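[1] Next come a sequence and a model predicted from it.
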Amino acid sequence: MKSDITQKSNISSNNRRYLLFVLPFLVLFALFYSCGKKETAVKEKPISDLSIYNLPSKWTNQDGKNIEMKDLKGKVLVMVMIYTSCKSACPRLVADMRNIESRLPQDIKEKVQLVLVSIDPEVDTPKRLKSFSIENKMEGNQWVFLRSTEENTREFAAVLAVNYKKVSPIDFSHSNIISVFNTEGELVFQQEGLGVNSDATINKITEEARKD
Amino acid sequence: MLQKRIITGFLCFISSTLFAQEVKMASIREGFFVPLYGATSKKPVKVNTFSIDVFPVTNAQYLDFVKKNPAYSRSKIKGLFADKSYLIQWESDFNFGKNNLNDAPVTNVSWFAAKKYCECQGKRLPTMDEWEYVAMADEKRIDARAKENFNKYIMSWYEKPKTYLNPVGQTFKNYWGVYDMHGLVWEWTSDFNSIFLSGESRKDKATDKNLFCGSGSVNATDLMNYAAFMRYAFRGSLKANYTTKNLGFRCAKNK
């Protein structure tokens, strides 16, 4: 399974005929279902069992660029789920993220990616995320804002053990959790609550970023 | 390898178009109801017309899925998607063994696995509101939540051990023609992780206090809904990779 992509390029003529037969079904299938096509290939090190890089979901960043989680591979990820129209908890969460970022040791900054994932994909268009990043002075390359479909968002929240619920057309209630992932995409630390002391979080980020 | 992948996809496609019809679904007419939990200010929420499986997914059906999607077999599933007790009651990867009935509900499946199963049938997991909407019906009524006997029935199930070993379809058939919403297993819903419980360790519940605290007193509706509260509390305690022996699922579909 793991070498699927490399093998794709040299399909034998036998396979080609086979493909011709199956292709129409396959296309039809692909239109409706995502099953069975999930095992994407990895060239170097295989993705570990607990890695979020196993998630096949597609995301869009604040520049309108499409990415998958595994495109972030190799960096320590600091992630939080927010929505931009939030007036109560999120500004504090965002402040916590900025605070963490500002306190990172200089030598690891390059190795850390801070990711804010929207739980309100309907409102939080890439454009909106972009202006949010500008308003909040989070424009550097270290900041990524992501949105996806509601289903993918629900799934990603499930991975982070973040609960959220739309409580009115403009309001969500949600868990305030900042999660740290190592360079393999494995969850290694979570900071819960608002305005809490971030020392442990920063220590963990630093430790992971300085590995190897 | 490519062929294998095409075949896997192809089988999934075939099974979802041809054989999916075999799994009986009940049509649920749209309506409004006030869930115990989730409706701010106790306003009714709307449930759109949809279909739901008449029975929870069985061992035999799940085995079929695992055979076509070996990545979801016991030894192959990734830790991200299921914890260590995934399908632990089965004898092996592709054999549910003698102690499990083929028509008993499959349990020890994670949310990720259940979600994937439904996708492979061209379906999805029901939302919590959809599930509760179907579950409030008894044999005769769409909403039997105020009926004492109905609540007694549900509560008595909570006390019965090991009902998850029973075959599906042995409990009552409700108004919609759906079985086993109560009396067999707990079931996953697509948005199980939208629950906030007061008293859990998270210091973050900004707006949802309607579960216990806040309102100050417990009124009749709350008492009536104690049975439902148990379900919400259970869901609130879950994580998406958790598997447990009394938790199964069924699928739903838009109309």
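    Perfect, thanks for sending it.
[2] How about the contacts made by the residue positioned nearest the centre of chain B?
    When Cα atoms, centre = their mean is applied to chain B, the residue found nearest the centroid is B:E187 (2.4 Å). B:E187 sits next to B:56, B:131, B:247-250 when contact means Cβ atoms under 8 Å, 6 or more residues apart in numbering or on different chains. Yep, even glycine has a C-beta here, placed from its N, CA and C like the rest.
[3] Okay, and the beta partners of it?
    B:G248 (DSSP bridges).
[4] Check it and give its pLDDT.
    Note on B:E187: pLDDT of 97.
[5] just B:P56 next, same as before
    98.
[6] which residue sits closest to it, ignoring its sequence neighbours?
    Distances taken as Cβ to Cβ, 6 or more residues apart in numbering or on different chains put B:P105 closest to B:P56, at 4.1 Å, once the chain neighbours are dropped.
[7] Could you give the backbone dihedrals for the one you found?
    Phi and psi for B:P105, reported as degrees, to the nearest 10, are phi -70, psi 140.
[8] how near is the residue nearest to the centre of chain B to chain A?
    According to Cβ to the nearest Cβ, to the nearest Å, B:E187 stands 16 Å off from chain A.
[9] Ok, B:I154 next?
    Distance of B:I154 to chain A, given as Cβ to the nearest Cβ: 24 Å.
[10] contacting residues around the residue nearest to B:P56?
    By Cβ under 8 Å, 6+ apart, the contact list for B:P105 reads B:55-59, B:164, B:168, B:180, B:184-185, B:248.
[11] how about those in TSV, adding neighbour count, distance to B:Y153 and secondary structure?
    Conversion of the contacts of B:P105 to TSV gives the following (neighbours: other Cβ atoms under 10 Å in any protein chain shown; distance: Cβ to Cβ, whole Å; DSSP: H, G, I helix; E, B strand; the rest coil):
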residue	neighbour count	distance to B:Y153	secondary structure
B:F55	22	18	coil
B:P56	25	18	coil
B:V57	24	23	coil
B:T58	22	23	strand
B:N59	23	25	helix
B:Y164	21	17	helix
B:V168	23	17	coil
B:D180	25	13	coil
B:L184	25	12	coil
B:V185	24	16	coil
B:G248	27	19	strand
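[12] Which one of the residues you listed is nearest to chain A?
    Closest approach to chain A among the contacts of B:P105 (Cβ to the nearest Cβ): B:V57, at 15.3 Å.
[13] contacting residues for that closest one?
    B:V57 makes contacts with B:105-106, B:114, B:117, B:248-251, as judged by Cβ under 8 Å, 6+ apart.
[14] Could you point out the helix or strand that follows the host helix or strand of B:D129?
    Element membership for B:D129, per DSSP states H and E: helix B:128-135. Remark: after helix B:128-135, the chain's next helix or strand is helix B:148-159, criterion DSSP H and E.
[15] tell me which residues in that next one are buried?
    Across helix B:148-159, burial judged by 16 or more other Cβ atoms under 10 Å in any protein chain shown covers B:150-151, B:153-154.
[16] Report the distance from that helix to the chain centre.
    In terms of Cα atoms, centre = their mean, to the nearest Å, the centre of helix B:148-159 is found 18 Å from the chain centre.
[17] which other residues reach it?
    Defining contact as Cβ under 8 Å, 6+ apart, one finds that helix B:148-159 is touched by B:138, B:144-145, B:163, B:182-183, B:224, B:226-227, B:230.
[18] Output the below-cut-off pLDDT ranges for chain A.
    The model of chain A has pLDDT under 70 over residues A:1-44, A:212.
[19] could you measure the residue most central in space within chain A against chain B, distance?
    Nearest to the mean C-alpha position of chain A, by Cα atoms, centre = their mean, lies A:M69 at 4.6 Å. In this view, A:M69 and chain B are 11 Å apart by Cβ to the nearest Cβ.
[20] show me the contacts for that residue.
    A:52-53, A:55, A:57, A:59, A:185 are the contacts of A:M69 under Cβ under 8 Å, 6+ apart.
[21] In strands only, show me those.
    When DSSP state E is applied, the contacts of A:M69 are split such that A:W59 fall in strands.
[22] So among the contacts of A:M69, which ones count as buried?
    For those, a burial check counting by 16+ other Cβ under 10 Å picks out A:52-53, A:55, A:57, A:59, A:185.
[23] filter those by proximity to chain B?
    The overlap between the buried ones among the contacts of A:M69 and the neighbours of chain B (Cβ under 8 Å from any Cβ of the partner chain) comes to A:52, A:55.
[24] Of the buried ones among the contacts of A:M69, which is the nearest to A:V76?
    A:G185 (10.1 Å; Cβ to Cβ).
[25] and A:R128, how many neighbours does it have?
    A:R128 has 18 neighbours, counted by other Cβ atoms under 10 Å in any protein chain shown.
[26] Would you agree it is in contact with A:G64?
    No. The pair A:R128 / A:G64 is not scored as a contact, 11.3 Å apart, by Cβ atoms under 8 Å.
[27] follow-up on the earlier one: switch the buried residues of helix B:148-159 over to a markdown table; also include distance to A:V159 and pLDDT.
    A markdown table is the format used below for the buried residues of helix B:148-159 (distance: Cβ to Cβ, whole Å; pLDDT from 0 to 100):
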| residue | distance to A:V159 | pLDDT |
| --- | --- | --- |
| B:F150 | 37 | 89 |
| B:N151 | 36 | 86 |
| B:Y153 | 36 | 90 |
| B:I154 | 32 | 89 |
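[28] Looking at those residues, which is nearest chain A?
    The closest of the buried residues of helix B:148-159 to chain A turns out to be B:I154 (Cβ to the nearest Cβ; 24.1 Å).
[29] quick one: buried residues of the helix or strand containing B:A60?
    For B:A60, the element it lies in under DSSP H and E is helix B:59-68. Under the neighbour-count criterion of 16+ other Cβ under 10 Å, helix B:59-68 has B:59, B:61-66, B:68 buried.
[30] And for stretch B:231-241?
    In stretch B:231-241, counting by 16+ other Cβ under 10 Å, buried: B:231-233, B:235-236, B:238, B:240-241.
[31] show me which of the residues you listed neighbour chain A.
    Applying Cβ under 8 Å from any Cβ to the buried residues of stretch B:231-241, one finds that B:236, B:240 fall near chain A.
[32] need the strands for chain A, in chain order.
    Under DSSP E, chain A gives strands at A:58-61, A:66-68, A:76-82, A:112-118, A:143-147, A:164-168, A:171-174, A:177-181, A:187-192.
[33] for the third one, packing partners?
    Packing contacts for strand A:76-82, counted by 3 or more Cβ pairs under 8 Å, 6 or more residues apart in numbering or on different chains; DSSP states H and E, involve helix A:89-103, strand A:112-118, helix A:150-160, strand A:177-181, helix A:199-209.
[34] how about these in a markdown table, adding distance to B:K84 and mean neighbour count?
    Listed next are these as a markdown table, based on distance: least, Cβ to Cβ, whole Å; neighbours: other Cβ atoms under 10 Å in any protein chain shown:
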| stretch | distance to B:K84 | mean neighbour count |
| --- | --- | --- |
| helix A:89-103 | 32 | 17 |
| strand A:112-118 | 28 | 23 |
| helix A:150-160 | 17 | 20 |
| strand A:177-181 | 21 | 23 |
| helix A:199-209 | 24 | 18 |
